[in-house]
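1. Quick check, what structure comes out for this input:
(chains A and B)
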Amino acid sequence: MKVLDGLKYSAEHEWIKIDGNKAYIGITDYAQHSLGDIVFVEIPEVGSELNKGDVLSVVESVKAASDVYAPVSGKVAEVNEELADSPEKINEDPYESWIAVIEMSDLSEAEELMDAREYERFCQEEE
Amino acid sequence: MKRTPLYDKHCELGGKIIDFNGWALPVQYSGIIEEHRQVRNAAGLFDVSHMGEIIVEGPDATGFIQKIITNDISKTRDFRVVYSPMCYPDGGVVDDILIYKYSDEFYLLIVNASNTEKDYDWLSQNIEGKATIRNVSDYYAQLALQGPESEKILQKLVDIDLKGLKFFNFAPEVEIAGHKAVISRSGYTGEDGFEIYIKSDYANELWDALMQAGKDCGLVPAGLGARDTLRFEVALPLYGHEISPDITPLEAGLDRFVKLDKENFIGKDALIEQKSTGVKRKIAGFEMVDRGVPRAQYDILADGKKIGFVTSGSYSPSLEKNLGIALLETAYAEPGTEVDIAIRNRALKARITVLPFYTKKYTK
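-> Okay, the predicted model is just below:
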């Protein structure tokens, strides 16, 4: 299982990459692996305001639908339309396949997330 | 959770184990889509040892089975397999079963795993004449070898000529991997293939022998996930989805397995009534027009009201589309009709299509 340094991680297996007040959000290698073949990604709406913990997107594998939660609060600034046509990209390269960019309204929320080492340990405990 | 004799094998092979109605079984090994395609193009091996097996025997065995099934086995020859729904008096389905006929006085019934005890009780309650039943589910392991390469693979291991074993026929005592097995040409994928029943103690030897024989033919282990997408594409009904105590075989479009001109059987009056007045709802297929994956139990809407619900839905690996099977008011079940599927509080467009989505490739 791949975990990238420099990213932050949530207990729901989302990763975020911070760039100023922007947060790129996707699901982790652990998450894509446990979901299996991904066949659909619900693309969020640009402009929607989300609180931390709100449903940002839904990722569906052959077997089941699974919610993706906003790990930070803010406004959806950009979405990755490419995933609508090629949802399997999340399986192939989960850390390049960001689902949305959130303009964070509270930068301190990102600090509360796990770093790579903490997330690695967290996943081992989930096994 | 209950385990099949192959549990350790699935773990060794990296199978992702899930709880399937109380059974610990692999949903996938390498991935559902890959396993699915491998079965369509080459072959896959499934552990279906969770399925139930019940023996019915005695001088009145045929009459008893005739009473509890909707299909007609009065003219069935020995060593044939017959598919049939088994109904309640109101026409709802107890289970759908396979009947292996050894003789007029000996049958092996194959029932859905989760229904084994319920079916056994149902049979006990309705038994009459000189017939006895025995639940032999723990005795048998079952492997399903499915896909166009199946015959070639299995032929390496058996002395009988498999070309002579026709669709829905079985050989009752075939020597394979050093032991005796029951082999039928049948399956639940829409492909040619075989279902093999063997004493549980020998399941691992049989699995290894088949995997070895299939090594150069592209044989892969396949899980419950692929089993479901494969049966879904060819619209084979799944108990609890397309048929259930609340859905009759006529609503499910299984008319050719309901012989209303046969002597009395449980559910006959209700089914005759339903046939004569016409079914008010029926099973139909649909294809998503908007983006979205339909799932079982989602509502179907048209003309501002609920007109049915999804019984099975999935991404189809063979057709690369999002498809569904639904139970709908009959007026909306015509191919071409536009309906909406309620997916997470949105109404997404879909179009009724003909079933099956994918043409069965049986070797008859």
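2. only C-alpha atoms for contact and neighbour calcs from this point on.
-> Fine.
3. which of the residues in stretch B:163-172 are buried?
-> If you call a residue buried by 16 or more other C-alpha atoms under 10 Å in any protein chain shown, then stretch B:163-172 has these buried ones: B:165, B:167, B:168, B:169, B:170, B:171, B:172.
4. brain fart, stretch B:110-129
-> Within stretch B:110-129, the residues that count as buried by 16+ other C-alpha under 10 Å are B:110, B:111, B:112, B:113, B:114, B:115, B:116, B:119, B:120, B:123, B:127.
5. And stretch B:334-342, by the same measure?
-> By neighbour count on 16+ other C-alpha under 10 Å, the buried set for stretch B:334-342 is B:338, B:339, B:340, B:341, B:342.
6. So what's the gap between it and the chain middle?
-> Put simply, stretch B:334-342 sits 26 Å off its chain's centre (C-alpha atoms, centre = their mean, to the nearest Å).
7. Stretch B:74-81 now?
-> Worked out by C-alpha atoms, centre = their mean, stretch B:74-81 lies 19 Å from the chain centre.
8. returning to that earlier point: can you pick out the most distant pair from the buried residues of stretch B:163-172?
-> Farthest pair in the buried residues of stretch B:163-172 (C-alpha to C-alpha) is B:167 and B:172. Separation: 14.6 Å.
9. Over to residue B:252. Which of the three states is it?
-> coil (DSSP: H, G, I helix; E, B strand; the rest coil).
10. Quickly list the domain ranges of chain B.
-> B:2-48+B:139-233, B:53-135, B:255-353 (automatic domain parsing).
11. what about the second one, start to end distance?
-> Translated: domain B:53-135. 6 Å (C-alpha to C-alpha, to the nearest Å).
12. Check the last one too.
-> Distance between the two ends of domain B:255-353: 19 Å, counting by C-alpha to C-alpha.
13. and it, does that touch chain A?
-> Yes. Domain B:255-353 reaches chain A (C-alpha under 8 Å from any C-alpha of the partner chain) through B:292, B:293, B:314, B:315.
14. roughly how far out does that domain sit from the chain middle?
-> Distance of domain B:255-353 from the chain centroid (C-alpha atoms, centre = their mean) equals 18 Å.
15. For it, give the mean pLDDT please.
-> If you average the pLDDT over domain B:255-353, you get 97.
16. repeat for stretch A:117-127
-> For stretch A:117-127, mean pLDDT rounds to 92.
17. and for it, what are the contacting residues?
-> With C-alpha atoms under 8 Å, 6 or more residues apart in numbering or on different chains as the test, stretch A:117-127 has contacts from A:3, A:9, A:10, A:11, A:30.
18. which ones are touching whichever residue of the stretch 51-200 of chain B sits closest to chain A?
-> When scored by C-alpha to the nearest C-alpha, the stretch 51-200 of chain B has residue B:189 as its residue closest to chain A, at 16.5 Å. Residue B:189 makes contact with B:146, B:227, B:230, B:231, B:234, according to C-alpha under 8 Å, 6+ apart.
19. so where do the helices sit in chain B?
-> B:7-12, B:32-41, B:61-68, B:116-126, B:150-155, B:203-213, B:224-233, B:268-277 (DSSP state H).
20. measure stretch A:23-35 end to end?
-> 23 Å.
21. That stretch vs chain B: in contact?
-> No. Shown here: stretch A:23-35 not in contact with chain B (C-alpha under 8 Å from any C-alpha), separated by at least 8.9 Å.
22. ok, the residue nearest to residue B:124 when sequence neighbours are not counted - contacts?
-> Counting by C-alpha to C-alpha, 6 or more residues apart in numbering or on different chains, residue B:124 lies nearest to residue B:133, which is 7.5 Å off, once chain neighbours are set aside. Residues near residue B:133 by C-alpha under 8 Å, 6+ apart: B:54, B:55, B:56, B:57, B:120, B:123, B:124.
23. what do you get for residue A:75?
-> Applying C-alpha under 8 Å, 6+ apart, we find residue A:75 in contact with A:46, A:47, A:48, A:49, A:50, A:102, A:103, A:104, A:105.
24. do the same with residue B:230
-> Contacts of residue B:230 (C-alpha under 8 Å, 6+ apart): B:36, B:188, B:189, B:190.
25. how close does the third one get to residue B:144?
-> Just to be clear, that refers to residue B:189. The gap separating residue B:189 from residue B:144 is 10 Å, by C-alpha to C-alpha.
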